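Novice: A structural model of the following input is requested.
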Amino acid sequence: MNTSTLVETVNINLEDFSDVFLTCSTCLFTYDQNQRKAKLLPCSHSVCLSCLNQIAALSQSETASLRCPLCRDVCVIPAGGVASFPGAFIINKLLDVMQKQRKDVVPSCAVHPSSELSYCECCDLVFCQSCQASLINKKCTQHTVIPFSIALKRMSEIVVYKAKGRLKALEQAHETVTQEIEQLDQNVDKILEQINTTFQEVSSIVENRRRDIIESVRVRRDDKRKVLKDQIEAITDEKKKLEKELESCQLDVRSMARQLKSMESSWDRQLTQPRENAFLRLNTNSTQLVCDIHRSLAEFGTLSASTTFPGECTISLVEPAATHIDTKFLVKTFDVDGRSRTSGGDPIDVTAKHGNETNSVTVNDLNNGTYEVILRASTPSEYSITVTIFGRPIRNSPFTVKIDDRHPPRWQLPIELLRPTKTHIDTNELFYVLDSGNNRIRIVKENGNLVSDIKSKCLDGQSAVGLSLLAGDELAVLNWKTKAVSRINMKGEVIQSINFSEFKEPIDLAVDNRGRYLIADSDKVYFSINSTTINKF
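Specialist: A predicted model of the protein is given here:
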């Protein structure tokens, strides 16, 4: 059944409203906030200030009073004159509303100008009811129809509301961007201070080394100089002594000849030749030193920047989450245009909470624009993962994940098993499944693909309960009915079978790296050193 809901409203003509409520009944001028300000008389009638001034001027009363032009009641004029009459609050308020009110131009029907257009909220359709009376029932079964002027007003209010919300958001954005600029300036100031401090330290190291080298040169020079000076003094003393002896002529010729002959060799060694040399050389590889310094300075101070836009970045769960194992998340970073980042190095902070407790997480930079987040939870619960980059949250932060204590399987065998009892994994990542109900051992790959089935007599009777891998591509199987431990190859051929009458109800089997068997019975554990000796405890 087609129904229509027509919302009736009362429309007030703006001119009629102004004539009735906002017009002075004496002069028929519209009230304003200046010369024709509305004044409230004691009789509760409203008259404009201009008319009151004229009436007061024409009043013949000896007392300061006038008659209301509407009801003729005598009204005493206040001490401050007619201007002191209280203002008509309601009229002034209506004036303010009318001045601030937005005047919407509502289009009308071209065929029926006197008929107001209607608006169907369900169909989002503007129509004239006189032209299309049956159109409403053709569009949908239920309609809410309102005058188009009301719809325009509602839409205007919605637009204004959204615009105000947008304006508030823009103000917050302006404040946030301003804070980011301030933070950028602070970071630059810190970096500049770090650069200046580092280069000052390098300059100090270079200057100290320069002084050390100069000092070592001077010390070495002074040592050599002292030796040579001492030699000069010795030469001078010897020279004076010899000259004095020559002058005194105290020695005869033979004695002087013997003395000169004995001193000839020592003079040649100690006096005639410098005891030190003037050789000093600075051993440096200046070219290599300059190259090393240039390379080190070029590698120093590499500036890291990022185009990551936190509002576009996301975090997702990599694999099903469970307790006591690593739960991995992946954070993908994007720039402001939504393009994936290809480098890392962003300052990313991650916190994981459940309730009031905070769990530790590990963040690994994969250096390709993504970050691996690892959480190991011990309590099953809902965890809230909060991720921030540059101190700002990413798009879907906080990210809620439910971690269960049930560990989901990574894969399942596509073929059903009948009473699977034991499973083992070898070094080649092959799974050996003891399918007791089908009297076989099924070998499958890590992805679940079937490799082969092993059939053997020791598996008959659906009673094999123990399985263990041995060296040399061999298997050990425990059968609780036959109370035997059998050693078979990959073809199912029985290599050796060991029966123990002491068994009551064997339930499990294990073999250590020395080939010793450990058999669990219903009430004891047996330890077999060889095929004939068995111990129990």
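
Novice: When you work out contacts or count neighbours from here on, use the C-alpha atoms and nothing else.
Specialist: Will do.

Novice: all helices of this protein, in order?
Specialist: Ranges of helices in the chain, per DSSP state H, are 14-21, 49-58, 89-100, 135-139, 148-248, 253-266, 286-299.

Novice: what mean pLDDT does stretch 39-46 have?
Specialist: When pLDDT is averaged over stretch 39-46, the result is 89.

Novice: Pull out the buried residues from it.
Specialist: Lys39, Leu40, Leu41, Ser46 (16 or more other C-alpha atoms under 10 Å).

Novice: Kindly reformat the residues you listed as TSV and extend each row with distance to Leu467.
Specialist: Listed next are these as TSV, based on distance: C-alpha to C-alpha, whole Å:
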residue	distance to Leu467
Lys39	107
Leu40	107
Leu41	110
Ser46	107
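
Novice: so of those residues, which ones are in strands?
Specialist: Lys39, Leu40, Ser46 (DSSP state E).

Novice: out of those, who's nearest Ser130?
Specialist: Ser46 (43.0 Å; C-alpha to C-alpha).

Novice: And the residue nearest the centre of the chain, how far from Pro398?
Specialist: When C-alpha atoms, centre = their mean is applied to the chain, the residue found nearest the centroid is Thr388 (2.7 Å). Remark: distance between Thr388 and Pro398 (C-alpha to C-alpha, to the nearest Å) = 9 Å.

Novice: next one: Val477
Specialist: For Val477, the distance to Pro398 - C-alpha to C-alpha - is 52 Å.

Novice: Comparing the two, which residue is more hemmed in?
Specialist: Val477 (25 against 18; other C-alpha atoms under 10 Å).

Novice: May I have the residues that are in contact with the more buried one?
Specialist: Cys458, Leu459, Ala464, Val465, Gly466, Leu467, Ser468, Val485, Ser486, Arg487, Ile488, Leu509 (C-alpha atoms under 8 Å, 6 or more residues apart in numbering).

Novice: Scan the residues you listed and report the most crowded one.
Specialist: Ala464 (31 neighbours).

Novice: Run a quick check on it versus Cys458, I expect a contact.
Specialist: Yes: contact criterion C-alpha atoms under 8 Å: Ala464 and Cys458 qualify, at 7.4 Å.

Novice: so what sits against both of these two?
Specialist: Common neighbours of Ala464 and Cys458 (C-alpha under 8 Å, 6+ apart) are Val477, Asn479.

Novice: where in the stretch 251-400 of the chain is pLDDT low?
Specialist: For the stretch 251-400 of the chain, the stretches with pLDDT under 70 are 251-271.

Novice: What are the boundaries of the strands in it?
Specialist: 314-317, 326-332, 348-354, 357-359, 361-365, 370-376, 381-389, 392-393, 399-403 (DSSP state E, counting those that start in this stretch).

Novice: Tell me the one of the buried residues of stretch 39-46 nearest Val336?
Specialist: Taking these together and measuring to Val336 by C-alpha to C-alpha, the closest member is Lys39, at 60.9 Å.

Novice: which residues touch the residue lying closest to that closest one once chain neighbours are set aside?
Specialist: The shortest distance from Lys39 to any non-neighbouring residue, by C-alpha to C-alpha, 6 or more residues apart in numbering, is to Gly87 (4.4 Å). If you count contacts by C-alpha under 8 Å, 6+ apart, Gly87 has them with Lys37, Ala38, Lys39, Leu40.

Novice: Narrow the contacts of Val477 to those in strands?
Specialist: Ala464, Val465, Gly466, Leu467, Ser468, Val485, Ser486, Arg487, Ile488, Leu509.

Novice: ok, those residues vs Phe503, which is closest?
Specialist: Distances from Phe503 to these, taken by C-alpha to C-alpha, are shortest for Val485, at 10.9 Å.

Novice: In the beta-sheet assignment, what are the partners of that closest one?
Specialist: Residues in a beta bridge with Val485, per DSSP bridges, are Leu478, Ile498.

Novice: can you start the count at 408 instead of 1 from here on
Specialist: Sure thing, new numbering starts at 408, so read that last one as Val892.

Novice: per-residue pLDDT, it?
Specialist: Reported pLDDT for Val892: 85.

Novice: same question, the one 4 residues further on
Specialist: For Asn896, the pLDDT comes out at 88.

Novice: hang on, the earlier thing: relative to Leu820, which of the strands of the stretch 658-807 of the chain is closest?
Specialist: Of the strands of the stretch 658-807 of the chain, nearest to Leu820 by C-alpha to C-alpha is strand 733-739, at 24.1 Å.

Novice: who does that closest one touch, helix- and strand-wise?
Specialist: If you count contacts as 3 or more C-alpha pairs under 8 Å, 6 or more residues apart in numbering; DSSP states H and E, strand 733-739 packs onto strand 721-724, strand 777-783.
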